[in-house]
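Asker: Coordinates only, no sequence provided:
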């Protein structure tokens, strides 16, 4: 079945540690996105990529980094510079275009130890 | 950055009740409006993508309308069922050449048997 796979489902980060969240899709979509959800707030865009080897910062990119070396994969690294990393992270993909619906993964809950 | 407001924040109804929620957004630079349903422990799923003023879309017992001039969209559920219990998210996009969705905080619907 086609879809988006995020792993792990739960992740714990120690102080000063970088952690990487995985996102893989087999939908053959060019565009991929990372969103962050905090309680009571809407999903906020961290990074997006419209094509392999290219990505742009979203609204809250500070403290995060991404790569897009393969069409299927868009990993997100939460660096030690992100001072408030505890949140729920969602990865999504879509066909390139401004009115194309997003397909979402099941998310990763990141917590700080 | 667009300011997207959804109301009410949460809603409790009885099985068989009809209900509706509102999504408000700035009408300038509008391009498209997305609605997603997010059930607990699942991934958000697209319901509708709407672009034209006056547009109406329907999926089963769920329908949506769009007013781009005044900046709002309504989502209606006719004869709610317990399986309609979810958080409903709206997200407008602005013209700009890429699919940058700005999500509202959502309306949480609980349908009681």
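Answerer: Received it, and whenever you're ready, just let me know what you need. Everything numeric here is computed off the predicted structure, so don't read it as measured data.

Asker: all contacts plus neighbour counts: C-alpha atoms, from now on.
Answerer: Fine.

Asker: Please report how far the closest residue to residue A:95 other than its chain neighbours lies from residue A:67.
Answerer: Spatial nearest neighbour of residue A:95, chain neighbours left out: residue A:29 (5.1 Å); criterion: Cα to Cα, 6 or more residues apart in numbering or on different chains. Note on residue A:29: its distance to residue A:67, by Cα to Cα, to the nearest Å, is 16 Å.

Asker: Could you count how many residues lie near the residue lying closest to residue A:10 once chain neighbours are set aside?
Answerer: Nearest non-adjacent residue to residue A:10, counting by Cα to Cα, 6+ apart: residue A:109, 4.8 Å away. Burial measure for residue A:109: 20 neighbouring residues, criterion other Cα atoms under 10 Å in any protein chain shown.

Asker: Work out which residue lies at the spatial centre of chain A.
Answerer: In chain A, the centroid-proximal residue (Cα atoms, centre = their mean) is residue A:34; its distance is 2.9 Å.

Asker: per-residue pLDDT, that residue?
Answerer: Note on residue A:34: pLDDT of 97.

Asker: What's the local residue count around residue A:53?
Answerer: Residues near residue A:53, counting by other Cα under 10 Å: 11.

Asker: Tell me how many other residues surround the closest residue to it other than its chain neighbours.
Answerer: Nearest non-adjacent residue to residue A:53, counting by Cα to Cα, 6+ apart: residue A:68, 5.1 Å away. Using other Cα under 10 Å, residue A:68 has 19 other residues around it.

Asker: My read is that residue B:68 contacts residue B:53, right?
Answerer: Yes: between residue B:68 and residue B:53 there is a contact at 5.1 Å, judged by Cα atoms under 8 Å.

Asker: Counting neighbours, which bits of stretch B:8-21 end up buried?
Answerer: Neighbour counts using 16 or more other Cα atoms under 10 Å in any protein chain shown place B:9, B:11, B:13, B:15, B:19, B:20, B:21 of stretch B:8-21 among the buried residues.

Asker: So, low pLDDT: which residues of chain A?
Answerer: Counting by pLDDT under 70, the ranges of chain A that qualify are A:1, A:98.

Asker: hey, what's the residue nearest to residue A:10 bridged with?
Answerer: Counting by DSSP bridges, residue A:109 is bridged to residue A:10, residue A:88.

Asker: can you tell me which residues contact it?
Answerer: When contacts are counted by Cα atoms under 8 Å, 6 or more residues apart in numbering or on different chains, residue A:109 touches A:9, A:10, A:11, A:86, A:87, A:88, A:89.

Asker: same deal with residue A:103?
Answerer: So residue A:103 contacts A:3, A:4, A:92, A:93, A:94, B:44, B:45, B:46 (Cα under 8 Å, 6+ apart).

Asker: Restricted to buried residues, select these in ChimeraX.
Answerer: Under the burial definition 16+ other Cα under 10 Å, those of those that qualify are selected in ChimeraX by:
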select /A:4,92,93,94 /B:44,45,46
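
Asker: Run through the helices of chain A in chain order.
Answerer: With DSSP state H as the definition, chain A shows no helices.

Asker: ok, which residues in chain B are in contact with chain A?
Answerer: Counting by Cα under 8 Å from any Cα of the partner chain, the residues of chain B close to chain A are B:31-32, B:34, B:41-46, B:48-51, B:93, B:95, B:97-106.
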